[in-house]
Structure formats: C-alpha cells, structure tokens
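# The sequence and its predicted three-dimensional model are supplied below.
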Amino acid sequence: MEYKFELPFSVRDYELDVQGVVNNAVYQNYFEHARHEFLQHIGLHFVELHQNGYDAVVHKIEIEYKKPLLSSDTFRVRVTVQQEGALRFVFYQQIVRDRDEAITTKAKVTTVFMSGGRPIRPPKEVLNAVKTFQEKG
C-alpha cells in the first residue's frame, strides 16, 4: 500500500497510562486528527461538507497495536484512502515511530456518507478530490 500523506506528531506525557506507554484509546485521536488533516490536504473541509448536508461517519474501526509509543516519541501518521463499493471509503493508516522507523500501529477505518440520517453515495466533490489525490498524490 502506498501512503502519499503523513502528519508528524509527538507523544505528550498526559497521553500515557500507568505502564508508561500511550493509552490505547489515544491512538483513535491520532488517527482521527490525521484523517481530518488529510481531507483538508485534498481540498475537503469537514465542516463545509456538514454545512452542505453531508456527514462522513465512521462505520467501523480496526486497530492493530504492534509496538508501544513512549514519552517524547515522535512519529508520523500515514494516511491513504480507497473507495470500496458504492457507499464506503476505507482509510488505511499507519503510525511510524521516527527513532527506528517501526510501524507501531495500523488502522483500517471504514466510513460512509450520511444525509438526513440515511446513507448516501459520496458527493461528487469528494469523489473528485479522492480521484485527483490518487492520480497525483
């Protein structure tokens, strides 16, 4: 899988649990922030989509924890997206620790678009933005 977008982060001490590693729930924040930044990078703005009556909703998240992140670790969250069927977009994400280039965590996040509480086909502006990103990066 080719990741053409990544966002730098660093671990903050308040994200650690009693074992001294990043708490597993914090990873969802990392992944969500990176997805939102990715959308802005490709010209889509979450709030504008909502104001136009479209909501991107997480349907399912699968996270694989491979190695821990520790206090002061710096890392990058990589993001790519693929359309799956007529209604779903799947975001594939990785966290790569800077000090050793280890992939510490992987996520597969399945999303759908909703309007008026019902699933809809993705808006044309979303399809076009994703297509342009995939072609050009």
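Arrived safely, thanks for sending. Numbering: from 1, shown residues only.
# any idea which element Val130 lies in?
helix 124-136 (DSSP states H and E).
# For that helix, buried residues please.
By 16 or more other Cβ atoms under 10 Å, the buried positions in helix 124-136 come out as Val126, Ala129, Val130, Phe133. In short, each C-beta sits where N, CA and C put it, glycine included.
# which ones are touching the first one?
It stands for Val126. Contacts for Val126 (Cβ atoms under 8 Å, 6 or more residues apart in numbering) come out as Leu44, Leu49, Tyr54, Phe89, Phe113.
# That one and Thr104: what is the separation?
Val126 sits at a distance of 30 Å from Thr104 (criterion: Cβ to Cβ, to the nearest Å).
# What of the second one?
Ala129 sits 29 Å away from Thr104 when distances are taken as Cβ to Cβ.
# what does the last one give?
As for Phe133, its distance to Thr104 is 25 Å (criterion: Cβ to Cβ).
# What of Gly20?
Where Thr104 is concerned, Gly20 sits at a distance of 15 Å (Cβ to Cβ).
# and these two? which has more neighbours close in?
Counted by other Cβ atoms under 10 Å, Gly20 and Thr104 do not tie: Thr104 has more neighbours, with 20 against 10.
# Could I get the contacting residues of that one?
With contacts defined as Cβ under 8 Å, 6+ apart, Thr104 is in contact with Tyr65, Lys66, Lys67, Pro68, Leu69, Phe75, Ile95, Val96, Arg97.
# The second one touches Lys106, doesn't it?
Yes: the pair formed by Lys66 and Lys106 meets the contact definition of Cβ atoms under 8 Å, at 7.0 Å.
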